[in-house]
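[1] pasting a predicted model and its sequence here:
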Amino acid sequence: LAFLPGAHEIVTEPPLTAWDAVISLDASDPARLGAIYHPESYGDAPVIVLDHHVTNLRFGAINHVDLQAAATAQIVVDLADALDVTISPGAALCLQTGLITDTLAFRTSNVDARVLATAARLASLGATIAPIVQRTLVDQPLAIMRLWGLALSRLQYTEGVLWTEITRAMRSTAGVTGDEDGKLVSHLISANEARVAAVFNELADGTVEVDLRARSGHNVATVALSLGGGGHPAASGCTLPGTLAEVEARVLPLLVVAAAETPGGAQPGENEGAKT
Ligand SMILES: [Mn+2]
């Protein structure tokens, strides 16, 4: 995201100074904010939660959770309008990037006329859609593709659930530094046979990140929530302690149940990818 204005000001360890307010965006629970969230040091500063996940735990002093918003950036635009704040070209680029990444380039099922109108308006301010899609959703390092190759060679399918795993050794072999996997699970769910997809990702700290996707009519948000995570019915995740084998043994039976749900019991409003 280095192309965004202000990107160089992003820090992963904010100073523990006095803040006027702390604003959490697109996070359904504090755990999704990771180590940057220190509520014990915020004093009287209110935590303001802006989000659109159905699993949101309302952990702020002020919680503005708009379940109809296709993207959290849509909520920010709505607030700017309500407060009569002019959106600069730089802000438009950031907000358009938020719309695109949160909706996987306007492909999630909650995309509606409202978010398309907002995208058109931000485009008119100079935030052209195609280059943002290319940079945020299409371009991948070669090492990530090598990692996909290793992970796809371990692909397993059972009762509507398509899944694989990524070990630390595989990441090392592929030359991938860090914990990212290029959102492999988003590709798994595109298999015709997959009603639910999962990637079990062995992290450097010894925990396992579980990324989940579901086709319309199936719900992985309830699975993620029951395991301490969260997200949308069609896209959710959690992080669990244990070995890959232990976590897989715990989660896969729940996914088989989710894949067996009949579309008649479908939940409205699903979505998405970006988890922060
Ligand atoms: Mn989101």
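    Right, received. Where do you want to start? Residues are numbered from 1 along each chain as shown.
[2] all contacts plus neighbour counts: C-alpha atoms, from now on.
    Noted.
[3] where along the stretch 1-150 of the chain do the helices fall?
    Counting by DSSP state H, counting those that start in this stretch, the stretch 1-150 of the chain has helices at residues 72-82, 89-102, 113-124, 129-133, 142-152.
[4] residues from the stretch 1-150 of the chain in reach of the ion?
    Neighbours of the ion within the stretch 1-150 of the chain, by C-alpha under 5 Å from the ion: D26, D102.
[5] returning to that earlier point: what's the most buried one of the helices of the stretch 1-150 of the chain?
    helix 89-102 (a mean of 22; mean count of other C-alpha atoms under 10 Å).
[6] grab the nearest non-local neighbour of I132.
    T97 (6.3 Å; C-alpha to C-alpha, 6 or more residues apart in numbering).
[7] related to what we said a few turns ago, quick one: closest of the helices of the stretch 1-150 of the chain to E246.
    Evaluated with C-alpha to C-alpha, these place helix 142-152 nearest to E246, the distance being 18.2 Å.
[8] quick check: what element follows the closest one along the chain?
    Tracing the chain past helix 142-152, the next element assigned as helix or strand by DSSP states H and E is strand 156-158.
[9] so what strands line up beside the helix or strand following that following strand?
    Going down the chain from strand 156-158, the next helix or strand is strand 161-166, by DSSP H and E. Strand pairing for strand 161-166, determined by DSSP bridges: strand 156-158 (antiparallel), strand 196-202 (parallel).
[10] what lies in contact with the first one?
    Spelled out, it's strand 156-158. L162, W163, T164, V256 (C-alpha atoms under 8 Å, 6 or more residues apart in numbering).
[11] so for it, mean pLDDT?
    Average pLDDT, strand 156-158: 97.
[12] for the helices of the stretch 1-150 of the chain, give me a markdown table that also has mean pLDDT.
    Formatted as a markdown table, those follow (pLDDT from 0 to 100):
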| stretch | mean pLDDT |
| --- | --- |
| helix 72-82 | 98 |
| helix 89-102 | 98 |
| helix 113-124 | 98 |
| helix 129-133 | 98 |
| helix 142-152 | 98 |
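[13] what would the ones you listed look like in CSV with distance to H8?
    As requested, the helices of the stretch 1-150 of the chain are arranged in CSV below (distance: least, C-alpha to C-alpha, whole Å):
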stretch, distance to H8
helix 72-82, 20
helix 89-102, 13
helix 113-124, 22
helix 129-133, 18
helix 142-152, 24
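[14] understood, closing this out.
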